[in-house]
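Visitor: Pasting the sequence and the predicted model now:
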Amino acid sequence: MRTAEPYRIKMVEPLTMSTRAEREQALVKAGYNTFLLPSSICYIDLLTDSGTSAMSDRQWSAMMMGDEAYAGARSFDHLEQAVQETYGFPYVVPTHQGRGAEHLISRILITPGQYVPGNMYFTTTRAHQELAGATFVDVVIDEAHDPAVEHPFKGNVDINKLEKLIGEVGADKIAYINVAVTVNMAGGQPVSMENLRQVRELCDEHGIIMWSDATRLAENAFFIQEREPGYADTSCADIVLEMMSHFDGLTMSGKKDALVNIGGFLAMRSEEILTKARELVVLFEGMPTYGGLAGRDLEAMAVGLREAVDDHYLANRIGQVRHLGHQLVDAGVPIVQPVGGHAVFLDARAFLPHLDQEELPAQALAAELFAHSGVRAMERGIVSAGRNPDGTNRHPALELVRLTIPRRVYTDRHMDVVADSVIELWEERDAIRGLRFVYEPPTLRFFTSRFEPID
Ligand code: F0G
């Protein structure tokens with residue numbers, strides 16, 4: 001028997017429909033950057049799953065109970081209890097969102113000149129590591145860089161690459177290892193429990209701190225339950241706890257797997273790191289009991305942390321992403337395989353083989369998709385990768401367009417419309433032209449760059 005959403009809809013938000021001419025005009029105004037489009041003209045907004053979740057009635061009612069005291073708010077205790085219960089860490093420091101936590105942990109753990117290995121880069125994470133004086137080193141398995149290769153845990157750390165780095169630079173030159181669960185830039189690909197155990201062992205052997213970018217940890221747990229021998233009968237909530245038991249601490253963007261519109265935190269076991277984080281959080285975010293958030297935000301996050309590890313919610317969530325992905329696969333559209341946790345990623349290199357990577361194929365495809373149907377997606381390729389310290393463009397192996405599915409927001413019918421739109425574009429792909437930069441900011445250029453079509 002088929003299953004449906006484990007919730008029903010109590011409030012709706014009307015969507016606007018637009019004409020192709022209106023969308024083309026909006027694209028010119030936005031410099032062909034989907035980040036610069038007004039959301040009011042986007043019919044189905046798949047720019048990101050970040051901060052775009054629909055909250056539950058329980059979260060909304062918890063918000064009414066927010067304690068807005070400047071210090072010692074009850075709402076902080078609720079968040080702390082929820083983190084202890086769902087992730088198993090004793091200490092929590094809230095931040096305004098994930099990158100706030102990344103900023104603090106990078107400052108705390110990095111001495112300039114050190115290295116931070118990670119299972120593929122993430123834009124803001126690497127930017128903060130570099131800002132603190134570290135060099136990021138990619139230690140994800142090779143399979144992660146190939147969109148067509150099927151692997152159940154494509155986000156795994158390559159233990160040999162990590163060992164090699166330790167051998168080359170020495171353990172004392174490694175600030176910490178940062179393991180993301182799941183790996184966003186690889187296509188929302190999970191890490192296995194076995195791999196976490198192996199990384200932990202190596203870290204213990206060399207005295208290296210093991211940190212997690214836990215942004216999408218609940219989705220990672222679902223894949224472990226589904227794919228890893230021995231976990232079929234373990235709840236996702238228990239799998240999350242076991243995953244986190246391997247780490248010394250985490251950074252969290254609550255905007256994803258805590259089902260809130262804003263919020264994040266650091267969690268850890270070490271009192272020494274806690275003390276340093278509390279010293280810094282007052283400088284950059286706010287008092288250690290609110291970290292740049294309102295009391296009501298902490299309440300909503302406390303409830304969301306528990307809702308997000310529910311087995312039925314997760315099965316439906318990942319099921320919807322697959323509902324979109326499998327329609328594209330059936331039509332022959334090249335996407336990252338297997339379909340990951342939070343998004344379907346179009347392989348823009350294979351979609352537009354007539355474009356060189358310097359002609360920004362993923363950026364061009366995202367712009368064209370919007371013009372075609374009002375579906376907003378995000379470039380995750382050469383533009384997102386930015387420049388090397390010597391000024392040359394980084395050339396990532398993956399040149400992708402991310403169709404990111406917000407949590408509990410759209411129906412499967414919306415996904416059908418997205419699939420139809422991408423498939424129509426696939427049939428007209430030869431006509432799609434490349435783009436070039438007309439404005440480029442010095443950091444995180446994908447957010448605000450402007451482009452124009454190449455004739
Ligand atoms: N880590 C990962 C893996 C992320 O995907 C993000 C955000 C962050 C850290 C930073 O968190 O946005 O709360 O400051 N990803 C969003 C996205 C922006 O669209 O993928 P943040």
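Guide: Happy to help now that I have it.
Visitor: pLDDT at the residue in the stretch 201-350 of the chain that the ligand sits nearest to, what is it?
Guide: Closest approach of the stretch 201-350 of the chain to the ligand (CB to the nearest ligand atom) occurs at residue 253, with a separation of 3.2 Å. No exception for glycine: its C-beta is placed from N, CA and C like everyone else's. You'll see residue 253 listed with a pLDDT of 98.
Visitor: Can you tell me the closest non-neighbouring residue to it?
Guide: Among residues not flanking residue 253 along the chain, residue 98 sits closest, at 2.7 Å (CB to CB, 6 or more residues apart in numbering).
Visitor: What of residue 159?
Guide: Closest to residue 159 by CB to CB, 6+ apart is residue 198, at 5.4 Å.
Visitor: ranges for the strands of the stretch 101-250 of the chain?
Guide: 115-118, 135-138, 177-180, 210-213, 249-253 (DSSP state E, counting those that start in this stretch).
Visitor: Mind putting these into TSV with distance to residue 349 and mean neighbour count?
Guide: Converted to TSV, these look like this (distance: least, CB to CB, whole Å; neighbours: other CB atoms under 10 Å):
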stretch	distance to residue 349	mean neighbour count
strand 115-118	23	24
strand 135-138	19	18
strand 177-180	23	28
strand 210-213	26	24
strand 249-253	28	28
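Visitor: ok so, going back, gap between the residue of the stretch 201-350 of the chain closest to the ligand and residue 48?
Guide: Using CB to CB, to the nearest Å, one obtains 11 Å as the distance from residue 253 to residue 48.
Visitor: Likewise for residue 199?
Guide: 28 Å.
Visitor: Counting neighbours, go ahead and name the busier of the two.
Guide: Between residue 199 and residue 48, counted using other CB atoms under 10 Å, the more crowded position is residue 199 (24 against 19).
Visitor: Tell me who's in contact with that one.
Guide: Residue 199 makes contact with 157, 159, 162, 177, 179, 210, 246, according to CB atoms under 8 Å, 6 or more residues apart in numbering.
Visitor: Near the residue nearest to residue 253, how many residues? Count them for me, please.
Guide: Using other CB under 10 Å, residue 98 has 25 neighbouring residues.
Visitor: now do residue 205
Guide: Residue 205 has 11 neighbouring residues, counting by other CB under 10 Å.
Visitor: what sits against the residue of the chain found nearest the ligand?
Guide: Residue nearest to the ligand within the chain: residue 98 (2.4 Å; CB to the nearest ligand atom). By CB under 8 Å, 6+ apart, residue 98 lies in contact with 124, 213, 215, 251, 252, 253, 254, 255, 264.
Visitor: rerun that using 10 Å as the cut-off
Guide: The contact partners of residue 98, by CB atoms under 10 Å, 6 or more residues apart in numbering, come to 50, 122, 124-125, 213-215, 251-256, 263-266.
Visitor: next one: residue 66
Guide: 73, 74, 75, 78, 293, 294, 295, 296, 297, 298, 299, 300.
Visitor: coming back round to it: my read: the residue of the stretch 201-350 of the chain closest to the ligand touches residue 259, true?
Guide: No - at 11.6 Å, residue 253 does not count as touching residue 259 under the criterion of CB atoms under 10 Å.
Visitor: coming back round to it: turn the contacts of residue 199 into a markdown table, columns for pLDDT and distance to the ligand.
Guide: A markdown table is the format used below for those (pLDDT from 0 to 100; distance: CB to the nearest ligand atom, whole Å):
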| residue | pLDDT | distance to the ligand |
| --- | --- | --- |
| 157 | 98 | 15 |
| 159 | 98 | 21 |
| 162 | 98 | 19 |
| 177 | 98 | 15 |
| 179 | 98 | 11 |
| 210 | 98 | 16 |
| 246 | 98 | 18 |
